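Undergrad: Make a model of this:
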Amino acid sequence: MPGIGDTLNRSKSSRFGYLFILCSVQAICLLTVAWGTGPGWDEWGHLPSGLYQLQYGDPTPYCVNPPLTRLIGAVPVWLAGGGIDFEPLPRSPGFRPEGPLGWLYIARHGERAFSWMSVARTAVIPITLFGTYLMWMVGTRLFDERTGRIAAALWAFSPTVLTFGASIMPDATAAVFGLLAAWRFYVWLRIGAVNTAWWLGIATGLAMLSKATWLILPPMMALMTIGYGVVCPRRWQWSRRWKQGAAIAAVCWLVIHAAYEFQGTLVPLEKFEFVSDSLRGDDSSASPSSSGNRFRGTWLGRLPAPLPAAYIRGIDIQKSDFEGKMTSYFLGQRRNGGWWYYYLVGLWLKEPVALWLMAAIGLVAWGKHRFRCGNRTRLVARAIVFTPGIALFVFVSSQTGFNHHLRYVLPFLPCFYLLIAAGVASLRGKWQYPIVALVLWYTLSSLSVLPRSYAYFTEAIGGPREGWKYLEHSNLDWGQDILTLKKWVETNPDKRPVYYLYAIPSIDFKKLGIDADDGMHAMTVHGPYRAGWWVVSARNLVDPGYRWFREHEPTERLSVTTSVYYVSPEVAQRNREAAFEESSE
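TA: Down below sits the predicted model:
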């Protein structure tokens, strides 16, 4: 008979084999996205900004996001010769130089910019793969092996994770390091060893270097530490914990400042020029473009800022954006400001039906098995690990200045997938096969739109072709299909002129090796007034000024997000005359 050692070895081999296969398939999918789609809107700014900081030590560009992800992506690009030329940057408060840097980068590298972007994307893929392992590990430790496997699969093939896990935008990185920080926090609370404190400080620093929304971590951890000491007082030594807490804060502080090369360290608060209403003060006579500082002349103003100066300026600019009440589009409605339920409904729209069936089944199982509480220790552990993600979701949902991107709540997805996996994994017997079938359905549904995972929409509304009726911006099409246009233009040299209604303004297509012109300036409210081949991205279908394309069938569909319309000289003339008559009335 086989011994216990043989059984354990087989169990370890099974776990390794499952994770290896899962991560291998996920890596292929991520590479397909990284090299098969063009840059999204923000990526045109992230890569040049990362290169600018890496080469010239200036963290000013794209300071609204901490630099970790773009620095990782920039390293191999710079080493391979895809760097950026130095350009003096304006220092006016609130100015964002990442847009001009993106145009300069295109001007220097031309169509090679596409390859450099894919190289940068490839460099950050290991972080998403680490997230798959982390999902398995946390699910297994908090629940059981089945939960870990299901949760890892949900993360690996999530259309949202595939989209942003293969980009140099920071959201997937923030999700991974946010979960890591939450887990290391629980380990520290549970064990209290010195080495666990160091690891917690590093993990928290990495999370805060990924996304500024993780600023909620330090105060949350402080409150939960006090709560844990009260609820679980056995062997709890307050003096030792406070000393370790100070060490954690110091390590976190060092990790964050090291990424900024210790520039702007300990700058007094009164030295900043803020542009957000919250930080510049309540002077109602100040113009929206003016700057100020509510801390100037107060004792708080003399205190040193705990974060790098560029980090704080980024928070200020982002806060100003949310205060500005930008125009948002949701469920066919456009208005200034947002909706508190935007992310709740958005998640439903952007996930396969199979996930929601698993959620419903899991909810029933949750009630039936009382969430498999087992003992208080496990219940406390789950609460500690899940609280940061849930708190982030609530916090982001409360910011209703504008609603553009579901990716803002991507750091919530790990605990969301873990909760669903825990519910369905508790079912045994005849339920095992339907659960496996649902996971396969989920996977195949997500992969059905590869590499355009960014355009995934649930089958319940008709899939990606109907998505423009519900959401826009990075939820629908952020310019990633530009490579599809490039290929179509190259294989159809007889179809000229070509006008492109792109999701991103001010891009010079000629410099990118694409024989097309920007169609934005050849449009009227009655339709295009220049004859030719019009290539239209899905995001433009929601724009009121492009109603003509919604009312006409495309000549050719290049993908779920890109269509071609042939505009004859007669139609163009008719649109031009209609616009002239309207303007002369």
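Undergrad: Contacts for the strand or helix carrying residue 389, please.
TA: Element membership for residue 389, per DSSP states H and E: helix 376-398. For helix 376-398, the external contacting residues (C-beta atoms under 8 Å, 6 or more residues apart in numbering) are 138, 142, 178-179, 181-183, 185-186, 189-190, 213-214, 216-217, 220, 224, 228, 231-232, 340-344, 371, 373, 408-409, 411-416, 418-419. Placement of C-beta: from N, CA and C, glycine included.
Undergrad: now the residue positioned nearest the centre of the chain: how far from residue 451?
TA: For the chain, the residue nearest the mean C-alpha position is residue 171 (3.0 Å; C-alpha atoms, centre = their mean). Taking C-beta to C-beta, to the nearest Å as the measure, residue 171 and residue 451 are separated by 18 Å.
Undergrad: what's the neighbour count on residue 415?
TA: 24 (other C-beta atoms under 10 Å).
Undergrad: does it really touch residue 175, like I thought?
TA: No. Taking C-beta atoms under 8 Å as the definition, residue 415 is not a contact partner of residue 175, at 9.7 Å.
Undergrad: which residues does the closest residue in space to residue 313 that isn't next to it in sequence contact?
TA: Using C-beta to C-beta, 6 or more residues apart in numbering and skipping residues adjacent in sequence, the residue nearest residue 313 is residue 63, 5.3 Å away. Going by C-beta under 8 Å, 6+ apart, residue 63 touches 310-311, 313-314, 317.
Undergrad: And residue 63, its phi and psi?
TA: phi -70, psi -10 (degrees, to the nearest 10).
Undergrad: And for residue 96?
TA: According to degrees, to the nearest 10, residue 96 has phi -120, psi 110.
Undergrad: Give me the spatial nearest neighbour of it, chain neighbours excluded.
TA: In space, residue 96 is closest to residue 317, 6.8 Å off (C-beta to C-beta, 6+ apart).
Undergrad: tell me which element that neighbour is part of?
TA: helix 309-323.
Undergrad: pLDDT on that helix, on average?
TA: Here helix 309-323 scores 90 as its mean pLDDT.
Undergrad: For residue 34, what is the enclosing helix or strand?
TA: helix 4-36.
Undergrad: mind listing what's buried in stretch 397-409?
TA: 397, 399, 401-409 (16 or more other C-beta atoms under 10 Å).
Undergrad: With stretch 520-530 instead?
TA: So for stretch 520-530, counting by 16+ other C-beta under 10 Å, buried means 520, 522-524, 526-530.
Undergrad: how about residue 315, what does it touch?
TA: 64, 212, 215 are the contacts of residue 315 under C-beta under 8 Å, 6+ apart.
Undergrad: Distance to residue 462, neighbour count and secondary structure added to those residues, as CSV?
TA: Shown next, in CSV, are the contacts of residue 315 (distance: C-beta to C-beta, whole Å; neighbours: other C-beta atoms under 10 Å; DSSP: H, G, I helix; E, B strand; the rest coil):
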residue, distance to residue 462, neighbour count, secondary structure
64, 35, 21, coil
212, 36, 21, helix
215, 39, 16, helix
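Undergrad: nearest to residue 574, of those residues?
TA: Residue 574 lies nearest to residue 64 out of the contacts of residue 315, by C-beta to C-beta, at 44.5 Å.
Undergrad: Let me know whether the closest one touches residue 320 as I believe.
TA: No. In this structure residue 64 lies outside contact range of residue 320 using C-beta under 8 Å: 9.7 Å.
Undergrad: Let me see the residues that make contact with stretch 437-450.
TA: Residues contacting stretch 437-450 (C-beta under 8 Å, 6+ apart): 29, 32-33, 36, 150, 153-154, 157-159, 162, 352-355, 357-358, 361, 424, 453, 455-456, 459, 464, 560.
Undergrad: what's the distance between it and the middle of its chain?
TA: Its chain's C-alpha centre and that of stretch 437-450 lie 21 Å apart, by C-alpha atoms, centre = their mean, to the nearest Å.
Undergrad: How about stretch 425-432?
TA: With C-alpha atoms, centre = their mean, you get 33 Å for stretch 425-432.
Undergrad: Could you give the average pLDDT over it?
TA: pLDDT averaged over stretch 425-432 gives 83.
Undergrad: So what touches it?
TA: Counting by C-beta under 8 Å, 6+ apart, 143-144, 146-147, 150, 361-362, 365-366, 369, 372, 424, 435 sit against stretch 425-432.
Undergrad: Endpoint to endpoint, that stretch covers what distance?
TA: 8 Å (C-alpha to C-alpha, to the nearest Å).
Undergrad: what sits against the nearest residue in space to residue 238 that is not next to it in sequence?
TA: Among residues not flanking residue 238 along the chain, residue 229 sits closest, at 6.5 Å (C-beta to C-beta, 6+ apart). By C-beta under 8 Å, 6+ apart, the contact list for residue 229 reads 236, 238, 241.
Undergrad: who wins for most neighbours among the residues you listed?
TA: In terms of neighbours by other C-beta under 10 Å, the contacts of residue 229 top out with residue 241 at 19 neighbours.
Undergrad: where does that residue sit relative to residue 234, distance-wise?
TA: On the measure of C-beta to C-beta, residue 241 and residue 234 end up 13 Å apart.
Undergrad: buried ones in the helix holding residue 34?
TA: 18-19, 22-23, 26-27, 29-35.
Undergrad: follow-up on the earlier one: please convert the buried members of the contacts of helix 376-398 into PyMOL selection syntax.
TA: The buried residues among the contacts of helix 376-398 can be selected in PyMOL (16+ other C-beta under 10 Å) with this line:
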select buried, resi 138+142+178+179+181+182+183+185+186+189+213+214+216+217+220+224+228+342+343+371+408+409+411+412+413+414+415+416+418+419
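Undergrad: Could you list the low-pLDDT ranges of the stretch 101-250 of the chain?
TA: Counting by pLDDT under 70, not a single residue of the stretch 101-250 of the chain qualifies.
Undergrad: can you map out the helices along it?
TA: Using DSSP state H, counting those that start in this stretch, the helices of the stretch 101-250 of the chain run over 112-142, 145-156, 159-165, 171-191, 194-210, 217-231, 238-259.
Undergrad: Out of those, the one nearest residue 516 is which?
TA: Among those, helix 112-142 sits nearest to residue 516 (C-beta to C-beta), with 14.8 Å.
Undergrad: buried set for that closest one?
TA: 113-114, 116-125, 127-129, 131-142.
Undergrad: what's the angle from it to helix 4-36?
TA: 150 degrees (axes from the mean of the first three to the mean of the last three C-alpha atoms, to 10 degrees).
Undergrad: How far away from the center of its chain is helix 112-142?
TA: The answer for helix 112-142 is 13 Å, by C-alpha atoms, centre = their mean.
Undergrad: Just want the angle from that helix to helix 145-156.
TA: 160 degrees.
Undergrad: relative to helix 376-398, how tilted is helix 112-142?
TA: Going by the same axes, to 10 degrees, helix 112-142 makes 150 degrees with helix 376-398.
Undergrad: quick one: helix 112-142 to helix 194-210, angle?
TA: Going by the same axes, to 10 degrees, helix 112-142 makes 140 degrees with helix 194-210.
Undergrad: where does the stretch 351-500 of the chain have low pLDDT?
TA: Residues of the stretch 351-500 of the chain meeting the criterion pLDDT under 70: 368-375.
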